[in-house]
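K.L.:
Quick one, structure for this:
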Amino acid sequence: MKLIAINTARYTRGFTLIELIITILVVSILMTIAIPSFQNTIQQNRFSTQSNELIGALNLARSEAIRRGESVTVTPNGGSWTNGWVVATTAPVTTLRSFPALATNFTYAGGPTSYTYLPSGFKDNTNVDLYSLCNSSVTGETGRQVRISASGRPRIVLNVDGTYFNPC
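P.N.:
Predicted coordinates:
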């Protein structure tokens with residue numbers, strides 16, 4: 001008597017219910033661990049982006065002052081750095097670039113109300129200025145501090161161990 005051969009490959013495709021439940025369990029455990037870390041990474045990237053915007057504006061003003069051979073200013077919109085800022089020549093007043101307002105809940109504190117870079121590339125004053133960038137919606141987060149040297153060079157302040165200084 002000849003037995004009928006059943007095509008077993010046809011019946012082995014797919015997942016069993018137990019395999020599916022175990023896979024979902026493993027994925028949910030991994031997501032529980034990964035999501036808080038990912039949110040911290042996003043927050044740190046926002047701090048870097050916001051502080052680099054100000055540094056970029058100051059570097060632009062400095063390089064344009066040297067290139068054009070005339071004074072260039074960086075002034076906040078509406079008197080607050082939180083509202084964004086404008087890089088412009090002083091005479092005649094020509095806007096070189098406008099920067100948007102900071103993201104929600106981000107604020108800058110400290111520093112003067114404007115910067116003027118001379119054709120030499122130096123600031124018009126010799127003060128060392130500090131700006132503190134903080135996010136009011138997140139507690140315990142590391143902020144950023146931007147330091148503008150007496151010569152006008154902006155940079156982000158780091159601790160001795162290479163971590164970001166927390167001004168908030």
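K.L.:
Next up, the contacts around the closest residue to Gly143 other than its chain neighbours.
P.N.:
Once flanking residues are discounted, Gly143 sits nearest to Cys168: 4.0 Å by C-beta to C-beta, 6 or more residues apart in numbering. Heads up, the C-betas are built off the backbone N, CA and C, glycines and all. Cys168 is in contact with Ser132, Cys134, Asn135, Glu141, Thr142, Gly143, counting by C-beta atoms under 8 Å, 6 or more residues apart in numbering.
K.L.:
same check, this time on Ala150
P.N.:
Lys123, Thr126, Asn127, Val128 are the contacts of Ala150 under C-beta under 8 Å, 6+ apart.
K.L.:
separation between it and Phe15?
P.N.:
Per C-beta to C-beta, to the nearest Å, Ala150 is found 67 Å from Phe15.
K.L.:
mind listing the helices for this structure?
P.N.:
Counting by DSSP state H, the chain has helices at residues 17-68.
K.L.:
which regions of it sit below the pLDDT cut-off?
P.N.:
Low-confidence segments of the chain, defined by pLDDT under 70, are located at 1-12, 139-141.
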